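[1] Following is a predicted model, sequence given first.
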Amino acid sequence: MKHPKILIVGGGLAGIGCARELNILGEKNFILLSKDLGGRAPRSDRTIPRATFYARTEYKNMWPFLKLGRKADIWKGRLVTKEKIWRPLFIAFRHPVLSVRFYFITRRFDACHTRFMSRCETMSQKQAMEADPYLLDLYKQSATDFLRKNSLVELQNELIGTLVRVTRFIRIEEANAFLMLWIWLILVKNGRECTIDIRKMVEGFLPSIIDDEARSIIDTGNGWLVNGDIECDVLVMATPINITKMLLGDSSLPEQKATKVFSSIVKGKPRAIYSQGRYNVLPAEEKDVVVVQNEDGTYLFCSTQEKYNLEKYFETFEVVERKNWDPAGFFGDRLIEAKRSERLYVIGDYHFPGLESAYLTGIQAARSISKG
Ligand SMILES: Cc1cc2nc3c(=O)[nH]c(=O)nc-3n(C[C@H](O)[C@H](O)[C@H](O)COP(=O)(O)OP(=O)(O)OC[C@H]3O[C@@H](n4cnc5c(N)ncnc54)[C@H](O)[C@@H]3O)c2cc1C
């Protein structure tokens with residue numbers, strides 16, 4: 001039987017952030033229990049579908065561990081429909097006033113979001129969101145309502161929605177306004193393709209990591225019993241929220257909507273229509289999402305359905321690697337408090353996907369635990 005004071009279940013960025021911060025704060029009596037360290041983060045020491053993950057300049061806690069690649073040049077994207085090809089720059093030029101207005105809205109969001117991220121160092125995401133009525137309203141409001149209120153409907157599908165779809169794999173009708181603007185920060189925050197040096201992140205507390213999964217969690221009244229052989233006082237659940245809910249059997253945790261993404265790295269020759277732009281986005285009615293030209297000459301293909309037909313997009317091809325993400329990201333509109341009780345924290349990217357924001361939920365939980 002093991003008896004750590006703190007047990008963190010799940011070693012994605014949220015769990016690693018918590019463990020790393022506890023270690024920095026001198027709280028050594030913890031265990032991080034996880035299968036697949038790094039989780040959905042793009043580990044530098046593994047092949048991953050390139051051109052899928054973008055870091056931005058505000059990722060300041062993650063920064064020392066990032067390996068940066070190409071700039072995310074959204075103007076190299078194209079929406080490929082049966083009728084025609086839409087180029088974002090062309091749409092922006094056709095609606096100059098609306099484009100400038102949207103740019104300033106993104107700038108305002110950027111300022112609020114920067115304050116929000118600083119607050120997330122000492123408050124839970126829910127508290128930080130509730131501290132800013134503008135952000136809270138955006139989180140509770142659909143993206144399409146927001147665009148209508150701001151007379152931006154003409155930019156909705158071909159421009160704004162295309163970036164939402166290609167980065168979050170959802171239709172703009174499914175996104176809330178917070179998530180929509182968060183995605184567009186890539187434009188003002190110098191988005192760059194990235195991978196993360198997970199080994200460097202866990203240096204310093206490797207002996208505290210157990211490579212296993214939690215199968216059963218029992219509340220003993222004054223602590224927790226995990227898998228029948230780990231007893232702890234404080235439990236930090238850093239698994240995806242649907243798994244956390246299932247493991248805790250906690251019906252008070254809300255359901256959060258999630259996407260699934262199925263991707264392949266392909267070597268070969270794309271059909272002419274998909275060979276010109278860097279990001280070839282398919283229309284929102286389709287289940288397939290995008291064909292991206294990678295830096296190394298391969299292609300990344302993403303779909304929201306498990307079975308897809310690459311022949312539609314490639315004349316000749318060989319699949320180098322397949323990767324399925326389930327869940328890929330959450331996009332609900334429920335706010336969840338991270339500190340459920342003195343003995344239980346629930347952290348991760350359940351409010352919106354994000355490398356830095358998930359990591360911060362872990363840092364904040366560690367600080368809260370350490371304060372006692
Ligand atoms: C395709 C894709 C593209 C993305 N692009 C971007 C991007 O461009 N920019 C950006 O900022 N973010 C992006 N994200 C989002 C970002 O990757 C995630 O928000 C973040 O990595 C989530 O971290 P997490 O720790 O909350 O969850 P996870 O990474 O899912 O970590 C959960 C951990 O728990 C483990 N686990 C699960 N079940 C158990 C169990 N029973 N016992 C023990 N351990 C368990 C898992 O193996 C995993 O290690 C993208 C995500 C995907 C999938």
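    That came through fine.

[2] give me every residue that touches Cys65.
    Careful, residue 65 is Phe and not Cys. 196-198, 200-201 (C-beta atoms under 8 Å, 6 or more residues apart in numbering). To be clear about C-beta, it is placed using only N, CA and C from the backbone, and glycine gets the same treatment.

[3] can you name the two of these that are farthest apart?
    By the measure C-beta to C-beta, Ile196 and Lys200 form the most distant pair in the contacts of Phe65, at 8.7 Å.

[4] okay, the two: which has more neighbours?
    Each of Ile196 and Lys200 has its neighbours counted (other C-beta atoms under 10 Å); Ile196 has more, 25 against 11.

[5] Make a markdown table out of the contacts of Phe65 and add pLDDT and secondary structure.
    Below are the contacts of Phe65 laid out as a markdown table (pLDDT from 0 to 100; DSSP: H, G, I helix; E, B strand; the rest coil):
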| residue | pLDDT | secondary structure |
| --- | --- | --- |
| Ile196 | 95 | strand |
| Asp197 | 96 | coil |
| Ile198 | 96 | helix |
| Lys200 | 97 | helix |
| Met201 | 97 | helix |
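
[6] Domain ranges for this protein, per the record?
    6-49+196-256+332-371, 87-189, 258-329 (automatic domain parsing).

[7] Which other helices and strands does the helix or strand harbouring Val100 contact?
    Assigned by DSSP states H and E, Val100 falls within helix 96-119. Helix 96-119 is packed against helix 125-130, helix 133-140, helix 177-188, helix 355-371, with contacts defined by 3 or more C-beta pairs under 8 Å, 6 or more residues apart in numbering; DSSP states H and E.

[8] same thing but 7 Å
    helix 125-130, helix 133-140, helix 177-188 (3 or more C-beta pairs under 7 Å, 6 or more residues apart in numbering; DSSP states H and E).

[9] what's in contact with the longest one?
    Where contact means C-beta atoms under 7 Å, 6 or more residues apart in numbering, the residues beyond helix 177-188 that reach it are 54, 56, 72, 74, 106-107, 109-110, 113, 135, 138-139, 141-143, 146, 160, 163-164, 167-168, 172, 331, 352.

[10] Show me which of these are buried.
    54, 56, 72, 74, 106, 109-110, 113, 135, 138-139, 141-143, 146, 160, 163-164, 167-168, 172, 331, 352 (16 or more other C-beta atoms under 10 Å).

[11] give me the subset of the residues you listed touching the ligand.
    Tyr54 (C-beta under 6 Å from any ligand atom).
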